[in-house]
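In: attaching a predicted model along with its sequence, questions to come.
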Amino acid sequence: MTARPSRRRFLAGLSVLALAPALAACGDDTDSSPAGGSGAAPEAEPSESGAFPVTIAHKYGETTLEQAPKRVVCVGLTEQDALLALGVVPVAVTKWFGDAPGYIFPWAQDLLGDAELPEVLEDTNGVQVEKIAALQPDLIIGQYAGLKEKDYQLLSQIAPTVAQSGDYADYGAPWDEMALTIGRAVGQPDKMQALVDDVKQQVADAAAAHPEFQGQSALVVTPYEGLFVYGPEDSRSRMLVDLGFAFPSEVFGGDQEEFGTSLSAERTSDLDRVGVTVWLDLESDPSVKKVYDETGSAAEGRFFDISEDDGAYYVAHSFVTPLSIPYVLERYVPQLAAAVDGDPATVPPEAAA
C-alpha cells in the first residue's frame, strides 16, 4: 500500500527557494547516529573503463572524483532514482513529499532488492551536516536541489560534493542532464546515456502518437498563495513541452528566473487562454477553484487534477526521473488526450496507482 503524500512536503521546493533558514555553521543538534545506511556499502555496478578521474562542473565550481564512490548521500530531492537505475543504493536520501520506506517509491523499489534502506534526511531546518558526516560518504550529490554556497562549502569538507547546475534556476535543470551528471559521478556515463536515450524515446513515441498535442499550450498549476504557475524551467513544464505542447508564455510570461511564480487568485481566469491545464490539488483552495469553475477551460473539460488521492502517481508526476517518467506516461498521456479534445463529455481515466 502506498502512503498518501503530504502537501506541505509537496510544496517544499517552493520553501527551499524562498523561505529555508540559513545553514548553521555548527550543523544541527539532532542525534547524528544513522538509523539506516550504517552498514557496509552495497555492491554497485563496476565503473566503466576510463570513467575516472572525472571532473564535474556545477553552480559553485568543479568537483573531481578519483574513483567510483561507494557511499553516496543525496542532498537533492530525487537523485535516488538515477542512482538505483545504475545499481547504486544511496546511504541517505533527502525527504521531499509523499512517503515510502527509505523514500524509495514503487517505480524504483524493484531495483532496491535486498539492500538496506537509505537513511532519510530532513532539510526543513537546513542541511543536516552532522548526520551526513556520520554516514561517512565518499560522494554527496544534489542535482534537483537548491544548495546554497555555504551548504556546499560545509559539505565539501566532508566529501566530494556535486551541487546543482549553474546553467539553470535551482530545481530547474532538465531531467536528462541531471541524470547524466549522476551517471558521470558514479562512473557509469554510458549506461546512463543508454537509459536516458530509451526514456526520451518513450516520450517521443508518446508525442508522435498524439499529434493533437502539437500547437496546443499546456500548463501545470497549483493553488499556493493564490495561483502558482510552474515556469518553463520546471521539470513538470519541461515534460509537457517534450510531449509536444507549448508553454503559454504569451499568457504567463516566458522568462522566469525561478521555476515558477505565485500570482493572485484572480489570475486563475487567465487559464481560459491556455489549451490544457494540469492542476495539482485543485480542491485545496476553494477561492481558486471558484474562479476556475467559472472559466471556459473548466466548462470545456480542458483540464484534469492530480491530487494526493492519486497516491504514488501524484508523487511520480513531480519526480521526473528516468525511473518515474515511464511510470507516469501510461497514466498521464491518456489524461492529456482526454483534456485536449475540448469535449467535457470525455472523462480522463483514473490515474491512481
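Out: Great, that's in hand. Residues are numbered from 1 along each chain as shown.
In: quick one, strands of this protein?
Out: Applying DSSP state E to the chain gives strands spanning 54-58, 61-65, 72-74, 92-94, 119-121, 139-141, 161-162, 218-223, 227-230, 260-263, 276-280, 303-306.
In: in TSV, list those strands along with mean pLDDT.
Out: Below are those laid out as TSV (pLDDT from 0 to 100):
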stretch	mean pLDDT
strand 54-58	98
strand 61-65	98
strand 72-74	98
strand 92-94	98
strand 119-121	98
strand 139-141	98
strand 161-162	98
strand 218-223	97
strand 227-230	95
strand 260-263	89
strand 276-280	98
strand 303-306	96
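In: now do the longest helix along the chain: which elements does it pack against?
Out: Counting by DSSP state H, the longest helix found in the chain is helix 189-208. On a contact count with 3 or more CB pairs under 8 Å, 6 or more residues apart in numbering; DSSP states H and E, helix 189-208 meets helix 79-85, helix 175-185, helix 235-242, helix 324-340. Any C-beta I mention is one placed from the backbone N, CA and C, and that applies to glycine too.
In: just the mean pLDDT for it, thanks.
Out: Mean pLDDT, computed over helix 189-208, is 98.
In: okay, that helix in CSV with CA atoms only?
Out: C-alpha atoms of helix 189-208 as CSV (Å, rounded to 0.1, in the frame of the first residue of the first chain):
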residue,chain,number,x,y,z
PRO,A,189,28.1,7.5,-18.1
ASP,A,190,27.5,5.1,-21.0
LYS,A,191,24.9,3.1,-19.1
MET,A,192,23.1,6.2,-18.0
GLN,A,193,23.2,7.6,-21.6
ALA,A,194,21.6,4.4,-22.9
LEU,A,195,18.9,4.7,-20.2
VAL,A,196,18.2,8.4,-20.9
ASP,A,197,18.0,7.7,-24.6
ASP,A,198,15.5,4.9,-24.0
VAL,A,199,13.3,7.1,-21.8
LYS,A,200,13.5,10.0,-24.2
GLN,A,201,12.4,7.7,-27.0
GLN,A,202,9.4,6.7,-24.9
VAL,A,203,8.4,10.3,-24.5
ALA,A,204,9.0,11.0,-28.2
ASP,A,205,6.8,7.9,-29.1
ALA,A,206,4.0,9.2,-26.9
ALA,A,207,4.2,12.6,-28.6
ALA,A,208,4.2,11.1,-32.0
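In: can you pull the buried residues of that helix?
Out: 189, 191, 192, 195, 196, 199, 203, 206, 207 (16 or more other CB atoms under 10 Å).
In: which member of those residues is positioned nearest residue 304?
Out: Nearest to residue 304 among these is residue 206, at 16.3 Å by CB to CB.
In: could you find the closest non-adjacent residue to the closest one?
Out: residue 333 (4.9 Å; CB to CB, 6 or more residues apart in numbering).
In: hang on, the earlier thing: now distance to residue 247 too, for the buried residues of helix 189-208, in TSV please.
Out: Shown next, in TSV, are the buried residues of helix 189-208 (distance: CB to CB, whole Å):
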residue	distance to residue 247
189	30
191	32
192	27
195	26
196	22
199	21
203	16
206	18
207	15
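In: between the residues you listed, which is nearest residue 270?
Out: residue 207 (25.9 Å).
In: give the contact list for the residue lying closest to that closest one once chain neighbours are set aside.
Out: Take residue 207 and drop its neighbours on the chain: the residue closest to it by CB to CB, 6+ apart is residue 244, 4.2 Å away. Taking CB atoms under 8 Å, 6 or more residues apart in numbering, we find residue 244 in contact with 207, 210, 211, 213, 214, 216.
In: can you rerun that using 6 Å?
Out: Listed by CB atoms under 6 Å, 6 or more residues apart in numbering, the contact set of residue 244 reads 207, 213, 214.
In: torsion angles phi and psi at the closest residue to the second one other than its chain neighbours?
Out: Meaning residue 213. Leaving aside its chain neighbours, residue 213 sits nearest to residue 244 (3.6 Å; criterion: CB to CB, 6+ apart). With angles defined as degrees, to the nearest 10, residue 244 sits at phi 110, psi -10.
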